[in-house]
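>>> For reference, the sequence and a predicted model appear below.
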Amino acid sequence: MAFERPLTIVALISAAILDFAMGDPWGCPHPVQIMGWLIQRYTKGALRWWNEPWQLRLAGIHLTIALVCSVGLGSWLLFTVLDQWAWPVSLGIEIVLLASCFAGRSLHDATVDVLKPLAKADVTVARSRLRRYVGRDTDTLVEQDILRALLETVAENATDGVMAPLFYALVGLAIPGVGPVPLALSYKAVSTLDSMIGYREAPYTDLGWFSARLDDVLTWLPCRLMVLTVGLLSGKLKSVLILGWRDARKDPSPNSGWSECAYAAILGVQLGGQNWYRGVAKFKPLLGNPLYRITAQHIELAMRLTRNCFLLWLGLAMVLTWLTRPIPLG
């Protein structure tokens with residue numbers, strides 16, 4: 001299948017460079033922030049107006065479909081018009097929106113933000129900074145718990161925040177007339193919904209049911225491809241598959257269990273265990289074998305693997321684009 005709009009691969013590469021160089025600058029408008037505001041407003045109204053489980057499930061389905069169609073179809077219409085009348089503007093907007101879908105630099109900055117005080121043995125500051133990025137209580141965490149929380153965050157977001165948006169951008173790139181932004185933004189919308197309302201606890205049990213299931217479905221394939229890729233890059237694919245088959249099914253999520261198992265197998269560490277959320281203890285299944293204690297070096301290696309996985313997928317897309325380019329006649 002030939003790729004349309006050769007400049008689109010240029011936009012994809014430029015977006016990756018922009019994300020690597022700048023990430024998400026503080027104070028700048030971000031599509032996820034806009035989505036989050038809309039979700040929050042709708043959620044408040046839904047929880048105020050409806051009480052029955054079936055009503056909340058219908059409201060959640062409506063919210064998910066409306067948001068995904070708005071960002072997906074809206075961005076497709078925007079580029080369809082701009083490509084005809086102002087393609088340089090279209091290319092610039094495409095680069096910015098794609099960069100906003102990739103969370104590679106943001107994930108890197110978050111890990112560095114927490115690791116810096118830990119390097120100085122300042123556990124108190126590390127706890128307060130970790131609180132920005134995780135949902136668990138951090139006030140009483142010791143150094144090893146902080147490192148585990150950070151590595152689990154890296155492992156989960158390697159799929160949700162980095163590789164899955166790239167996967168859907170590449171799928172959109174391969175579909176004639178679609179392009180990478182509509183599908184990448186649509187996935188980002190579902191992921192944002194899942195992170196905000198996709199909980200099994202009240203009051204989101206029913207309202208977030210549909211978006212959580214949809215996120216599981218959409219993340220399933222890119223998660224498995226990411227696991228295979230990091231396994232190959234690390235030279236430990238066999239260990240990743242054996243450990244994933246043994247432990248991933250223990251996790252209630254069909255995807256984060258595999259992501260965490262992949263990094264646990266590669267690094268020789270164990271993830272999971274007891275966490276506290278708003279004063280309530282919850283036990284996550286143990287994933288991996290505790291061959292080594294988690295260190296900052298393990299987290300840095302996990303980040304490098306994620307970055308190399310991203311670059312490999314992007315490189316393969318470049319090669320495929322070149323191989324499928326139209327051959328000029330005459």
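Sure, I can see it.

>>> Surely Pro285 touches Ser253?
No: with contact defined as C-beta atoms under 8 Å, Pro285 does not count as touching Ser253 (10.3 Å). (Glycine included, C-beta is placed from N, CA and C.)

>>> so how far is Phe167 from Leu118?
Going from Leu118 to Phe167 by C-beta to C-beta, to the nearest Å gives 32 Å.

>>> cool, and Met303?
Taking C-beta to C-beta, one finds Met303 at 19 Å from Phe167.

>>> neighbour-wise, which of the two wins?
Higher neighbour count among Met303 and Phe167: Phe167, with 22 against 18, using other C-beta atoms under 10 Å.

>>> For that one, grab phi and psi.
Backbone geometry at Phe167, expressed as degrees, to the nearest 10, gives phi -60, psi -50.

>>> can you count the residues close to the closest residue to it other than its chain neighbours?
Residue nearest to Phe167 in three dimensions, not counting chain neighbours: Pro222, with 3.8 Å by C-beta to C-beta, 6 or more residues apart in numbering. Using other C-beta under 10 Å, Pro222 has 23 neighbouring residues.

>>> How far off centre is stretch 104-117?
Offset of stretch 104-117 from its chain centre (C-alpha atoms, centre = their mean, to the nearest Å): 15 Å.

>>> can you check stretch 244-262 too?
Relative to its parent chain, stretch 244-262 has a centroid offset of 16 Å by C-alpha atoms, centre = their mean.

>>> Just the endpoints, please. Distance across that stretch?
With C-alpha to C-alpha, to the nearest Å as the measure, stretch 244-262 spans 7 Å from end to end.

>>> list the buried ones in it?
Neighbour-count burial for stretch 244-262, counted by 16 or more other C-beta atoms under 10 Å, picks out 244, 247-248, 251, 253, 255-262.

>>> again, but for stretch 297-313
Within stretch 297-313, the residues that qualify as buried by neighbour count (16+ other C-beta under 10 Å) are His298, Ile299, Leu301, Ala302, Met303, Leu305, Thr306, Arg307, Cys309, Phe310, Trp313.

>>> What about the residues you listed, which are in helices?
Of the buried residues of stretch 297-313, the ones assigned to helices by DSSP state H are His298, Ile299, Leu301, Ala302, Met303, Leu305, Thr306, Arg307, Cys309, Phe310, Trp313.

>>> I figured the fourth one hits Ala158, correct?
Put plainly, it is Ala302. Yes: counting by C-beta under 8 Å, Ala158 is a contact partner of Ala302 at 7.5 Å.

>>> Look up the residues that both of the two are in contact with.
Listed as contacting both Ala302 and Ala158 by C-beta atoms under 8 Å, 6 or more residues apart in numbering are Tyr263.

>>> Which of the three states applies to the nearest residue to Asp251 once chain neighbours are set aside?
Nearest residue to Asp251, sequence neighbours excluded (C-beta to C-beta, 6+ apart): Gly257, at 2.8 Å. Recorded secondary structure, Gly257: helix (DSSP: H, G, I helix; E, B strand; the rest coil).

>>> cool, Leu18 as well?
Following three-state DSSP, we place Leu18 in the helix state.

>>> which ones are touching it?
Taking C-beta under 8 Å, 6+ apart, we find Leu18 in contact with Ile95, Val96, Ala99.

>>> Sort out for me which of those residues are in helices.
If you go by DSSP H, the contacts of Leu18 have Ile95, Val96, Ala99 in helices.

>>> Out of the residues you listed, which is nearest to Ala212?
Ala99 (26.7 Å; C-beta to C-beta).

>>> count of neighbours near the closest one?
Residues near Ala99, counting by other C-beta under 10 Å, number 23.

>>> Next up, the contacts around it.
Under the criterion of C-beta under 8 Å, 6+ apart, the neighbours of Ala99 are Ala15, Ala16, Leu18, Asp19, Met22.
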